[in-house]
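*Asks:* Let me see the structure of the following:
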Amino acid sequence: MSPSRRSLISRVLRTTAALGASLALCSAFAQSAKPIRIMVGFPAGGGSDAIARLLAAKLRTPLGTEVLVENRPGAGGQIAAQALKAAPADGSVLFLSHDHTISILPLVVKNPGYASEADFVPVAGIATFVNAFAVSGGTPANSFAAYVDWVKAKNGGKDAVGIPAPASTPEFLVKVIADKYKLDLVSAPYRGSAPMVTDMLGNQIHAGVGSVQDFIENHRAGKIRVVAVLGTERQAALPDVPTFDEIGLKGFEDLPYYGIYAPKGTPAAELKRLSGGVAQVLALPDVNAQLTALGLTVEYMTGEQLAKRQSAYTKAWTRIIQTSGFQPQ
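*Replies:* Model (predicted):
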């Protein structure tokens with residue numbers, strides 16, 4: 001074989017190898033660039049939806065792919081949780097949820113269609129938050145004590161209090177309040193916080209219990225008044241609002257949480273990549289500020305740390321629910 005022919009063959013082989021490497025890189029990129037869906041178990045416009053959309057917009061950079069939010073409202077997040085269970089375990093479908101769907105629903109529903117620890121794996125914790133008691137602008141009450149007095153004077157202690165979902169933490173809180181203050185309060189369940197807040201703005205319902213982020217914007221606008229928050233410390237976003245601990249309502253020290261979950265069986269390397277992306281996003285000053293403004297206490301947790309918080313919270317609420325006499329339905 002002539003030197004010129006050998007040189008030509010060598011160049012062809014080098015070109016072919018380079019092309020193969022390029023195609024392999026393109027294939028790897030295409031695989032990593034598969035869009036990610038973050039499911040939310042509540043309607044658009046609520047607190048969970050706002051958090052998911054903020055994170056999705058920022059996660060596109062560290063994860064190198066499109067991140068979309070998909071609302072699957074209904075049954076307190078149960079529909080979205082069932083969809084996550086059936087989703088492929090490849091990191092392409094995630095679930096942003098707070099404590100209700102993960103910790104509470106399995107305690108109050110006989111057949112929720114999923115088991116949190118068996119079917120899901122924690123990816124990363126985002127934040128803790130507190131539930132709040134708020135009154136509509138149509139009530140004259142400017143404090144929790146004033147609301148109690150107003151209800152007693154208005155209709156012999158009877159009133160309906162909105163809650164974002166049946167058999168939820170807010171429903172048990174309404175029962176505790178009713179028992180402590182000798183009121184005849186009825187929980188009015190909604191399909192998420194957004195329709196509940198809409199009815200409060202229209203004075204169709206006088207009070208509601210939900211997360212701080214559900215009420216805070218309308219509280220700042222003077223359309224709804226948050227009169228008490230759970231926990232033992234006042235919230236940075238609501239420094240003038242007392243805690244239930246301050247007004248004598250004890251037993252709610254374990255704070256609810258927000259986390260991101262994937263289907264069981266998702267590869268460990270993919271979980272690590274996703275969790276790392278969340279950590280980068282939560283470290284951004286603008287993200288931290290926006291989440292804080294929503295009434296959250298930003299707290300990145302690894303999957304392992306989120307699992308421990310979830311377990312402790314579930315145990316605490318198991319005791320509360322059993323003490324209340326509630327029977328799973």
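
*Asks:* And the strands in the stretch 201-329 of the chain, which stretches?
*Replies:* Assigned by DSSP state E, counting those that start in this stretch, the strands in the stretch 201-329 of the chain fall at 207-211, 224-229, 257-263, 297-302.

*Asks:* How about the contacts made by the spatially closest residue to Leu63 that is not a sequence neighbour?
*Replies:* Distance criterion C-beta to C-beta, 6 or more residues apart in numbering; nearest residue to Leu63, sequence neighbours excluded, is Gly277 at 4.6 Å. Every C-beta, even on glycine, is put in place using the N, C-alpha and C of the backbone. If you count contacts by C-beta atoms under 8 Å, 6 or more residues apart in numbering, Gly277 has them with 59, 62-63.

*Asks:* Please render those residues as CSV that adds distance to Ala268 and neighbour count to the earlier fields.
*Replies:* Formatted as CSV, those follow (distance: C-beta to C-beta, whole Å; neighbours: other C-beta atoms under 10 Å):
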residue, distance to Ala268, neighbour count
Leu59, 19, 22
Pro62, 18, 16
Leu63, 17, 20
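
*Asks:* Backbone dihedrals for the closest residue to Ile321 other than its chain neighbours, please?
*Replies:* The shortest distance from Ile321 to any non-neighbouring residue, by C-beta to C-beta, 6+ apart, is to Leu107 (5.4 Å). Backbone torsions of Leu107, given as degrees, to the nearest 10, read phi -90, psi -20.

*Asks:* Ramachandran coordinates for Leu96?
*Replies:* Dihedral angles phi and psi of Leu96 (degrees, to the nearest 10) take the values phi -90, psi 120.

*Asks:* coming back round to it: state the distance from the residue nearest to Ile321 to Ala167.
*Replies:* The gap separating Leu107 from Ala167 is 9 Å, by C-beta to C-beta, to the nearest Å.

*Asks:* quick one: which of the two has more around it?
*Replies:* The neighbour comparison of Leu107 against Ala167 (other C-beta atoms under 10 Å) goes to Ala167, with 21 against 16.

*Asks:* Can you classify the more buried one by secondary structure?
*Replies:* At Ala167 the chain is in coil, as set by DSSP: H, G, I helix; E, B strand; the rest coil.

*Asks:* Next, work out how far apart it and Ile224 are.
*Replies:* Distance, Ala167 to Ile224, using C-beta to C-beta: 24 Å.

*Asks:* For the nearest residue to Leu105 once chain neighbours are set aside, which residues are in contact?
*Replies:* Using C-beta to C-beta, 6+ apart and skipping residues adjacent in sequence, the residue nearest Leu105 is Pro112, 5.2 Å away. Neighbouring residues of Pro112 by C-beta under 8 Å, 6+ apart: 78, 81-82, 105-106.

*Asks:* now the helices for this structure?
*Replies:* Defined through DSSP state H, the helices belonging to the chain, from first to last, are 3-32, 47-63, 78-86, 99, 105-108, 116-119, 144-155, 169-181, 193-201, 212-220, 268-282, 285-293, 303-324.

*Asks:* Identify the residues contacting Phe136.
*Replies:* Not quite, residue 136 is Ser, not Phe. For Ser136, the contacting residues are 200-201, 203, 205-208, 224, by C-beta under 8 Å, 6+ apart.

*Asks:* just Lys175 next, same as before
*Replies:* With C-beta under 8 Å, 6+ apart as the criterion, the residues that contact Lys175 are 185, 187, 324.

*Asks:* what about burial for those, which qualify?
*Replies:* The neighbour count (16 or more other C-beta atoms under 10 Å) marks 185, 187 as buried among these.

*Asks:* Tell me the one of the contacts of Lys175 nearest Arg37?
*Replies:* Of all those, the one with the least separation from Arg37 (C-beta to C-beta) is Ser187, at 32.1 Å.

*Asks:* how close does that closest one get to Ala228?
*Replies:* In terms of C-beta to C-beta, Ser187 sits 17 Å off from Ala228.

*Asks:* for stretch 269-287, which positions count as buried?
*Replies:* Within stretch 269-287, the residues scored as buried using 16+ other C-beta under 10 Å are 270-271, 273-275, 277-278, 280-282, 287.

*Asks:* what do you get for stretch 137-157?
*Replies:* Buried residues in stretch 137-157, defined by neighbour count with 16+ other C-beta under 10 Å: 139, 141, 144, 147-148, 150-152.

*Asks:* ok, Ala178 to Lys272 distance?
*Replies:* Using C-beta to C-beta, Ala178 is found at 46 Å from Lys272.
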